[in-house]
Structures are given as structure tokens and as C-alpha cells.
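Visitor: Coordinates for the following, if possible.
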Amino acid sequence: MRTLRAFAGFDLPARLLMINQFGINLGFYMLMPYLAGYLAGPLGLAAWAVGLVLGVRNFSQQGMFLLGGTLADRLGYKPLIVAGCLLRTAGFAALVVASSLPMLLVASAATGFAGALFNPAVRAYLAAEAGERRVEAFAVFNVFYQAGILAGPLVGIALLGLDFRWVAMVAAAVFAVLTVAQLCALPQRRGVVSGGSVLGDWRAIAGNRRFLAFAVAMGGSYVLSFQVYLALPLQAEFVAGAAGAQALTAAVFVLSGVVAIAGQWRITAWFRRRWGTERGLVVGLGVLAAAFLPLALVPEPDGVGPVVAAGALLVSAAVLALGTAAVFPFEMDTVVSMADGKLVATHYGFYNTIVGVAILVGNLATGAVLGAARSAGADRLVWLGIALIGALTAVAVGRALRPERGRHRRNSALSAYTAAPGRWPVRMDREPDRPQGAIRELVDRIRA
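Guide: The predicted model follows:
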């Protein structure tokens with residue numbers, strides 16, 4: 001209820017963006033978990049062809065985030081959001097009739113590039129609309145984000161009983177509705193641009209050493225959080241065997257979604273009240289690292305039984321979800337602050353590209369190391385190694401944030417990049433600040 005009241009406290013564009021993100025994840029996750037099975041099963045593609053189709057989708061999104069963010073800053077946020085939803089509608093609709101490898105590759109590339117178009121634009125638009133309430137806005141945004149991830153596979157598996165083409169058609173319909181909604185109801189909004197060339201903007205961002213250090217360091221957090229899709233399902237199969245792996249994996253995803261949806265608002269409020277934005281981010285990264293310690297203590301069912309081993313896995317999944325919920329709003333806010341309110345979508349695109357590379361490298365390394373360690377009977381070392389990555393990430397992010405520690409960071413960004421505060425019926429505690437911070441905040445509100 002607190003989340004719903006917070007949601008109602010934002011203006012229409014912000015609420016529309018949050019609902020839009022739920023729809024994006026609903027449509028995406030009702031289809032993507034079952035695409036590989038459809039390609040290898042009814043269509044009969046070879047394993048290399050399935051990998052190629054999925055790889056093209058991933059590359060066309062992760063590799064094009066920078067371009068999508070740049071276009072959003074240059075053309076405005078709304079056109080890129082609408083274009084991305086429209087392109088994904090076309091891509092999913094193409095999967096209904098696609099049967100040849102070239103057509104499947106085109107459809108897969110379209111769905112991936114669509115994400116590169118609307119992802120940075122949505123985040124930049126929400127940050128602009130929320131103004132000084134960015135942390136609160138991204139906390140509510142993440143609730144809708146996680147709800148879409150939780151609901152999507154459930155809807156997909158229900159439709160899969162009919163045929164995969166029904167899944168693709170319904171997913172395309174979801175994005176078609178989103179396209180019309182954004183086109184009709186979302187106001188136009190532009191970010192603050194430099195007035196220079198695109199290459200000049202990219203060079204300026206690449207020259208922002210603090211931002212690059214932060215982005216590279218945060219790549220480690222994505223390696224950890226994405227283990228819910230890789231290492232934890234593999235552990236579920238190891239613990240429960242082939243017969244119980246599907247149920248245990250489903251429990252991991254449901255538990256992760258419930259923790260994020262039910263606890264996001266309280267988690268963000270408590271972390272901000274206790275530590276503030278920057279320290280809260282670092283502490284949240286520490287929680288991500290600690291999430292893998294239960295698995296280090298109980299790496300296998302031998303000696304403790306499958307029930308205890310499954311319990312350790314579920315505890316790790318819950319703590320991982322808690323840490324992810326703690327990190328996300330502060331992370332999104334920090335990107336805007338480090339951009340100084342300018343070229344925000346481009347910064348988000350640059351940031352997503354860097355963490356996308358980290359996810360790719362981290363998943364490849366984790367999969368290889370986990371398999372080798374399991375063969376050698378050294379599973380505990382893998383989980384300790386992942387926890388160590390999280391600890392090093394927290395230290396690196398703390399160092400990247402250090403130059404601005406103790407400052408009131410909102411002023412420089414909000415002077416060029418703010419929206420009217422609007423009504424806020426459910427206030428989240430402000431981060432600790434010196435007494436003069438309240439005066440500065442009052443001046444910012446008067447200016448807005």
C-alpha cells in the first residue's frame with residue numbers, strides 16, 4: 001500500500017513510465033525464457049543456430065545502448081520510447097511467422113535493438129520527471145520492473161500450452177498497446193545536450209574518469225545479481241536433481257520477485273535513512289557479496305541433506321534480491337549526478353554498454369569455473385570467489401564516489417535538470433546532511 005500511495009504521488013508521465021516498464025518486462029519475459037526451446041524443438045534448429053539467434057539479440061541490445069542513449073538526448077525521450085516499443089512489436093510479431101534462420105536473425109536483432117532504444121530513454125525521462133525525488137521514483141520503478149519479470153514467465157507458460165506462436169502474438173500485442181499508450185499520453189521531453197557533435201559528447205563522457213570508474217566497478221554488481229539466471233539455477237539442479245530442479249528454480253525466481261516487490265520501498269527508505277545515498281549504495285553492494293556466503297557454507301547436499309542445501313540456496317536468493325533492491329535506486333541516481341544533469345540518456349547508454357560487457361565476461365567465467373570446480377569437488381571456493389568479487393566491487397565503488405563524499409550533490413544536477421516537485425504524500429526520509437542542506441533544498445524548490 002505504501003508503494004501504491006507513493007506511485008500515486010508522482011505526476012502522470014512518471015506513472016506512465018512505471019506502468020510501461022511493467023508491460024515491457026511482462027511482454028519480454030513471457031517469451032524469451034521459452035524461445036530457445038521453440039527454436040531447438042518445433043523449428044529444429046541446430047544448437048549453434050540457437051546460440052546465434054540468442055547472441056544476435058543480446059548484441060543488438062547491449063552493443064547499441066550508447067547509440068540509443070545518444071539518439072534519446074538528440075531527438076527527445078518520447079520518440080525513442082515509442083520507436084523502441086514499436087520495433088519490439090514488429091520483432092515479436094515476426095517470430096510468429098519466422099521459420100528460416102535469416103528471418104529469425106532479423107526478428108531477434110529487432111527485439112534487441114528495440115531495448116537499446118527505449119531503455120536509456122525511459123530512465124532519463126523518469127529521472128527528469130522526478131527531479132530531486134529520483135531515488136524514490138526509481139524505487140517504485142523497480143517494483144514495477146520486478147513485477148513484470150515475475151508475471152511474464154507465468155503468463156508465457158500458460159500460453160505455451162496452446163502454442164509458442166500464441167506467446168509471440170500476445171507479447172507483440174502487449175508492446176502494441178504500450179506503443180499506442182506512449183504515443184497518445186506521454187508528453188514530449190528533452191534532456192540537456194552539449195550543443196556539440198556526437199563524437200565530442202562521447203569523448204567528453206569517456207574523459208569523465210569518475211564516471212568510468214564507477215561504471216566499471218558497478219559491472220561487478222551485475223555479475224553478482226545475474227547469477228540468479230546462471231549459478232543459482234545450476235545449483236538448484238545440483239541440489240534437487242533433474243526431477244526437482246524445475247520446482248526449486250521456480251521457487252528461487254518467485255522468492256526473488258516477492259522480496260523485491262514487497263520489500264523495495266522499505267529497503268530503500270531504511271538504507272537511505274541509515275546511510276544516505278552513496279554509503280547506502282556501498283552497503284547494498286556488501287549485501288550482494290554476503291548473499292553467496294550461505295552457499296559457501298553449504299555448497300552441496302552431501303552430509304547435510306538436500307533440504308538444508310535447498311534452504312541455503314533460497315536464503316542466498318532472498319539476500320541477493322534484497323541487495324539488488326537496495327542498490328538499484330541509488331545506482332540510477334548516481335549516474336544522473338555523475339552526468340551533472342547533462343546528456344543523461346547518453347550516460348545511461350554508455351553505462352549499460354559497460355555493464356553489459358561485464359555481464360557477458362562474468363557469466364562465461366562463472367559457468368566455466370563452476371563446472372571445473374564441481375568436477376574437482378571445490379564448489380565452496382566458487383561461492384567464496386563470487387563473494388570476494390562483490391566485496392571488491394563495494395570497495396571500488398566507494399573509491400569512485402569518494403571525491404564527492406560529504407557534499408550536497410543534488411544542486412549542480414538539478415540546476416539544469418529538474419522537474420516541478422509535485423505532491424509527495426508518502427515521504428521517504430532524506431539522507432543525512434548538514435543543516436545548511438535544508439536551506440539549499442528550499443532554494444531549489446523555490447527555483448523549480
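Visitor: any chance you could map the strands in the chain?
Guide: In the chain, no strands are found when defined by DSSP state E.
Visitor: where in it is pLDDT low?
Guide: 191-195, 242-243, 367, 371, 374, 403-448 (pLDDT under 70).
Visitor: what residues go with each domain of it?
Guide: 1-187, 199-417 (automatic domain parsing).
Visitor: Dump those domains into a markdown table; add mean neighbour count as well.
Guide: For glycine as for every other residue, the C-beta is placed from the backbone atoms N, C-alpha and C. Listed next are the domains of the chain as a markdown table, based on neighbours: other CB atoms under 10 Å:
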| stretch | mean neighbour count |
| --- | --- |
| domain 1-187 | 20 |
| domain 199-417 | 19 |
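Visitor: any idea how far Gln182 lies from Ile149?
Guide: With distances taken as CB to CB, to the nearest Å, Gln182 is found 20 Å from Ile149.
Visitor: Now Tyr38: closest residue in space that isn't a chain neighbour?
Guide: Phe164 (4.3 Å; CB to CB, 6 or more residues apart in numbering).
Visitor: How about Gly219?
Guide: Per CB to CB, 6+ apart, closest to Gly219 is Ala358, 2.8 Å.
Visitor: can I assume the one you found is in contact with Ala217?
Guide: No: Ala358 is beyond contact range of Ala217, at 9.6 Å (criterion: CB atoms under 8 Å).
Visitor: wait, what's in contact with the residue nearest to Met103 when sequence neighbours are not counted?
Guide: Counting by CB to CB, 6+ apart, Met103 lies nearest to Ala94, which is 6.7 Å off, once chain neighbours are set aside. By CB atoms under 8 Å, 6 or more residues apart in numbering, the contact set of Ala94 is 103, 106-107, 110.
Visitor: Out of those, the closest to Glu132 would be?
Guide: Nearest to Glu132, judged by CB to CB, of the contacts of Ala94 is Ala110 at 37.3 Å.
Visitor: And the closest one, how far from Val259?
Guide: Distance, Ala110 to Val259, by CB to CB: 33 Å.
Visitor: Pull up the gap between the residue nearest to Tyr38 and Ala40, please.
Guide: Computed as CB to CB, the Phe164 to Ala40 distance reads 12 Å.
Visitor: likewise Ala172?
Guide: Separation of Ala172 from Ala40 (CB to CB) stands at 22 Å.
Visitor: for Val319, same thing?
Guide: With the distance defined as CB to CB, Val319 ends up 34 Å from Ala40.
Visitor: same thing with Tyr77?
Guide: Here the criterion is CB to CB. By it, Tyr77 lies 38 Å from Ala40.
Visitor: Likewise for Asp163?
Guide: Taking CB to CB as the measure, Asp163 and Ala40 are separated by 16 Å.
Visitor: Kindly report the same for Ile386.
Guide: Ile386 is 29 Å from Ala40, by CB to CB.
Visitor: same question, Asn363
Guide: Per CB to CB, Asn363 is found 20 Å from Ala40.
Visitor: same question, Thr366
Guide: 23 Å.
Visitor: Also Leu52?
Guide: The gap separating Leu52 from Ala40 is 12 Å, by CB to CB.
Visitor: Can you give me every residue that contacts Thr111?
Guide: Applying CB under 8 Å, 6+ apart to Thr111 gives the contacts 57, 60, 87-88, 91-92.
Visitor: ok, longest helix in this structure?
Guide: helix 231-290 (DSSP state H).
Visitor: Now do it: which elements does it pack against?
Guide: For helix 231-290, the packing partners by 3 or more CB pairs under 8 Å, 6 or more residues apart in numbering; DSSP states H and E come out as helix 2-8, helix 134-160, helix 209-225, helix 306-338, helix 344-376, helix 379-401.
Visitor: swap the cut-off to 6 Å and go again
Guide: When contacts are defined as 3 or more CB pairs under 6 Å, 6 or more residues apart in numbering; DSSP states H and E, helix 231-290 packs onto helix 134-160, helix 209-225, helix 306-338, helix 379-401.
Visitor: can you give me the offset of the last one from its chain's centre?
Guide: When you say that, I think you mean helix 379-401. Distance, stretch centre to chain centre, for helix 379-401: 19 Å (CA atoms, centre = their mean, to the nearest Å).
Visitor: Any figure for the gap between the most far-flung residue of the chain relative to its centre and Ala151?
Guide: The C-alpha centroid of the chain is most remote from Gly303, which lies 37.2 Å away (CA atoms, centre = their mean). For Gly303, the distance to Ala151 equals 38 Å [CB to CB].
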